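Undergrad: Compute the structure for the input listed below.
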Amino acid sequence: LLMTQLSLYPRLTKRWGFLSCFIGGWCLHMATTLPFPAYGLLADSVHDIWRLAPLGCMHFFGQIGLGLCFPTIFVWMNRAATEGGIPLGQVNGFSSSLGALFRSVVPVISGSLFSIGLSAKFQAGRYLPVYANCVLMCASLGLVLCAFRIPESSAESTPAQTRKAPLMSPEAQPQTPASGSTASLPEIQQA
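TA: Presented below is the predicted three-dimensional model:
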């Protein structure tokens, strides 16, 4: 995940933009998550260690997909907060608190879904948390696509510009409080 965000993510966002990067990460994660019931066929790996290779690949590529989705969402939140005049500390604190809440609640919900799935009459019921994860990922993609279809109130910032802007392009930098401009750090130091 660290190597994805340090090396792969900046290059992909500069080349294809944030929306394409998010959709690519979503597709990669879904392509590794949906066949999860088939991975259950490889569970008995007492004598054959090669059976663990597909599981390792699934985790490797699934984490790369999520490593493309989550930073993109945080970039969009910070840009929207900057445009809306909302303090970034407030937005990032709220999103971190909400993330911590979900990291504590979702395992309990997943465990409950797993026990409900085990008590169900059909064999695939034990994969109910995996299916719930896929439903939530589809909902997130739907929200992102709907957000890019909503027209912006200002003519200078359009979804097409947001998609193509690199991570720290001049038009993406927040205004500095001292000067009120979007000057970069070297320009401020020279002044």
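
Undergrad: where does the chain have low pLDDT?
TA: Filtered on pLDDT under 70, the chain yields the residue ranges 43-47, 150-191.

Undergrad: how about the helices in it?
TA: With DSSP state H, the ranges of helices along the chain come out as 2-3, 9-16, 18-33, 36-39, 52-84, 88-119, 128-149, 159-164, 185-190.

Undergrad: Leaving out sequence neighbours, find the closest residue to residue 27.
TA: Nearest residue to residue 27, sequence neighbours excluded (CB to CB, 6 or more residues apart in numbering): residue 65, at 7.4 Å. No exception for glycine: its C-beta is placed from N, CA and C like everyone else's.

Undergrad: hmm, back to that, mean neighbour count, the helices of the chain: which tops it?
TA: Across those, the average number of neighbours (mean count of other CB atoms under 10 Å) peaks for helix 18-33, which reaches a mean of 19.

Undergrad: now the angle from that helix to helix 9-16?
TA: Calculated by axes from the mean of the first three to the mean of the last three CA atoms, to 10 degrees, helix 18-33 forms an angle of 120 degrees with helix 9-16.

Undergrad: And the contacts of helix 18-33?
TA: 9, 12-13, 16, 57-59, 61-62, 64-69, 72-73, 75-76, 130, 133-134, 137, 140-141, 144, 148, 159, 162-163, 165 (CB atoms under 8 Å, 6 or more residues apart in numbering).
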